[in-house]
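Asker: Next come a sequence and a model predicted from it.
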Amino acid sequence: MPHPFTEEHEAFRNTVRSFVEKEMTPHGLEWDRAGIFPKELFRKAGDLGFLGINHDPKYGGSGLDYWYVTVFAEELSRSLNAGVNMALLVQSQMATPIINEIGTDEQKREFLEPALKGEKIAALGVSEPGCGSDVASIKTTARRDGDDYVINGSKMWITNGTRADFITLAVRTGEAGYGGISLVTFPTDVKGFGVSKKLDKVGNLSSDTAVLYFEDCRIPARYVLGEENEGFYHIMTNFQGERLVGAITTVAGMERMVEDSIRYGNEREAFGRPLMKFQVWRHKFVEHLTAIEAAKRLTYHAVDLFDRKENPVKEVSMAKLFAGDLAQRVAYDCQQFYGGMGYVEETSIARMWRDVRLITIGGGTSEVMKEIISKIYGF
C-alpha cells in the first residue's frame, strides 16, 4: 500500500516523539514502581492537543484524520511504559469517542471538553466481575425514577478507575440481552459511588485499574448518551477503535523491542564476538522483522478502512489477533536475547515482556477475536 503519512503527519510525529521522550520515557520505571503516574500528564497531553486528535474542534478537538491517531499511538511506544500509554489512550480513544459521536451539546460541554484538555480524567465502564467481552450479559442497572436514573451494580478492569472524574458507563435499562443496554455519562462525585479496590496486576503497573461499585447512585436522565436501550450498538462500534489502537501500539512496541535488542546485541559480546554476529540470532530477528512488517500492513489496512468510516470488524479483529499473538513470541525472544539482563526491572525489555501479555487478553481475548472472524466467514 502507498505510504500513508504526509509531511504534516510526520511533523506531528516529531512533536509527539519529543513530548514522549521528554515527559514520559525518563520516568517509566519510577512510575511502574509507584503504581501510578502524575495526573498532570493528562493536562500536559491535553495542552498539546493529543487527547482530542480526531474529536470535534467545537469542543477542543483537532478534527484530524485517524492517521494522526495512528502516529500518536505509535510514538507512545517510545515511553517504554504500556500502563501510561493505556491510560492516555483510554482518555482519548476509548472513553470519549462515544460522547463525541452521539453526545448532546450539554454533555459535550460538561464532559468531553474538559477531558480533551486533560482537566477531567475519563474512564470507560463496560466490563463487570461476571462479564467482559460478553457485553449483552452486563447486570449493572439504571432504573428510571422521575427525572433521574438510579444506578446499582459494579464494574471491573476499569482503567483510570481510581481517579476518574467521570465514566462513560454501560448500564442495563431494559430487558435481558443486548436490547436493554444504555450508555450514560457518570460523574464520580455522585453519592453511593466508590472504588472497591485497585487491582494488583502483573503488568501495566502504572495505570490504575479498579473495581467500582454503585449503590443507589442518582444521576439526571439528561446524562443518557443517545437513545435509551441502544447502547449496545455504540459499544460494539467503540470496541473497534479500542482494538485498533491496541494493534497499532503492539506493532510499534514490537519494533521498539527488536530495535533495542539489535542495539544491545551489537554492544554485548560473548565468546569474543558481538551477539549479533551469531547466525541463529540474526536469522531470528529477520524472521521477526518480516512478521512485524506483515502485522503493520494488516493494521494499516484496518486503519485505512476505519478512517474512511467503513465497517472493518474483520480487519480490526485480525490485526489485533495477529499482532497480539506475534508480540508474545517477539517479546520472549528479545528477553531471551538479553539473558540475565532481560530478567531485571531496570531493563526495559523485562517490562515490555510482562506488559505485552495483556494484548491477547484486554479488549477482547484472542479467542474472542477468532470467534468474531469465524462468524464473519460464516462458520
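Answerer: Thanks, I have the structure now.
Asker: Helices of the stretch 151-300 of the chain, residue ranges please.
Answerer: Under the criterion DSSP state H, counting those that start in this stretch, the stretch 151-300 of the chain carries helices at the ranges 231-267, 279-307.
Asker: For Ala34, which of these is the nearest?
Answerer: helix 231-267 (21.6 Å; C-beta to C-beta). Just so you know, the C-beta spots here come from the backbone N, C-alpha and C atoms, and that holds for glycine as well.
Asker: hmm, back to that, which stretch among the helices of the stretch 151-300 of the chain is buried most, on average?
Answerer: Mean neighbour count, computed with mean count of other C-beta atoms under 10 Å, is highest for helix 231-267 among the helices of the stretch 151-300 of the chain, reaching a mean of 21.
Asker: now it against helix 279-307, angle please.
Answerer: Note on geometry: by axes from the mean of the first three to the mean of the last three C-alpha atoms, to 10 degrees, helix 231-267 and helix 279-307 are set 150 degrees apart in direction.
Asker: what's the average pLDDT for helix 231-267?
Answerer: For helix 231-267, the mean per-residue pLDDT is 95.
Asker: and if you look at stretch 51-62?
Answerer: Mean predicted lDDT for stretch 51-62 stands at 97.
Asker: do stretch 324-341 as well
Answerer: Rounded mean pLDDT across stretch 324-341 is 97.
Asker: which regions of the protein lie under the pLDDT threshold?
Answerer: Where the chain drops to pLDDT under 70, the residues are 1-2.
Asker: Send over stretch 129-142 as PDB, restricted to the C-alpha atoms.
Answerer: Extracted in PDB, the C-alpha atoms of stretch 129-142 (Å, rounded to 0.1, in the frame of the first residue of the first chain):
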ATOM      1  CA  PRO A 129     -16.900  -9.100  37.600                       C
ATOM      2  CA  GLY A 130     -19.000 -11.600  35.700                       C
ATOM      3  CA  CYS A 131     -18.600 -10.500  32.100                       C
ATOM      4  CA  GLY A 132     -16.000  -8.800  29.900                       C
ATOM      5  CA  SER A 133     -16.400  -9.200  26.100                       C
ATOM      6  CA  ASP A 134     -19.900 -10.600  26.600                       C
ATOM      7  CA  VAL A 135     -21.500  -7.100  26.900                       C
ATOM      8  CA  ALA A 136     -25.000  -8.400  26.500                       C
ATOM      9  CA  SER A 137     -24.700 -10.000  29.900                       C
ATOM     10  CA  ILE A 138     -24.000  -6.900  32.000                       C
ATOM     11  CA  LYS A 139     -26.000  -6.600  35.200                       C
ATOM     12  CA  THR A 140     -25.400  -3.100  36.400                       C
ATOM     13  CA  THR A 141     -28.800  -1.500  36.400                       C
ATOM     14  CA  ALA A 142     -30.200   2.000  35.800                       C
END
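Asker: Return the set of buried residues in that stretch.
Answerer: Gly132, Ser133, Val135, Ile138, Thr140, Thr141, Ala142 (16 or more other C-beta atoms under 10 Å).
Asker: my read: the first one touches Ala170, true?
Answerer: Pointing back at Gly132 there. No: look at Gly132 against Ala170 with C-beta atoms under 8 Å: they stay out of range, at 11.9 Å.
Asker: Tell me where the stretch 101-250 of the chain has strands.
Answerer: With DSSP state E, counting those that start in this stretch as the criterion, the stretch 101-250 of the chain has strands at 122-125, 141-145, 148-159, 166-172, 181-187, 193-198, 209-220, 224-225.
Asker: okay, those strands, which one's buried deepest?
Answerer: strand 122-125 (a mean of 28).
Asker: who's sitting farthest from the centroid in this structure?
Answerer: Gly272 (43.4 Å; C-alpha atoms, centre = their mean).
Asker: Need phi/psi at it.
Answerer: phi 90, psi 10 (degrees, to the nearest 10).
Asker: Okay, it and Phe278: tell me how far apart.
Answerer: 11 Å (C-beta to C-beta, to the nearest Å).
Asker: again with Arg78
Answerer: With C-beta to C-beta as the criterion, Arg78 and Phe278 are 28 Å apart.
Asker: buried stuff in stretch 318-326?
Answerer: For stretch 318-326, by 16+ other C-beta under 10 Å, it's Met318, Ala319, Lys320, Leu321, Phe322, Ala323, Gly324, Leu326.
Asker: Just put those in JSON lines and tack on secondary structure and distance to Met369.
Answerer: Putting these into JSON lines (DSSP: H, G, I helix; E, B strand; the rest coil; distance: C-beta to C-beta, whole Å) gives the following:
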{"residue": "Met318", "secondary structure": "helix", "distance to Met369": "8"}
{"residue": "Ala319", "secondary structure": "helix", "distance to Met369": "9"}
{"residue": "Lys320", "secondary structure": "helix", "distance to Met369": "6"}
{"residue": "Leu321", "secondary structure": "helix", "distance to Met369": "4"}
{"residue": "Phe322", "secondary structure": "helix", "distance to Met369": "9"}
{"residue": "Ala323", "secondary structure": "helix", "distance to Met369": "10"}
{"residue": "Gly324", "secondary structure": "helix", "distance to Met369": "8"}
{"residue": "Leu326", "secondary structure": "helix", "distance to Met369": "13"}
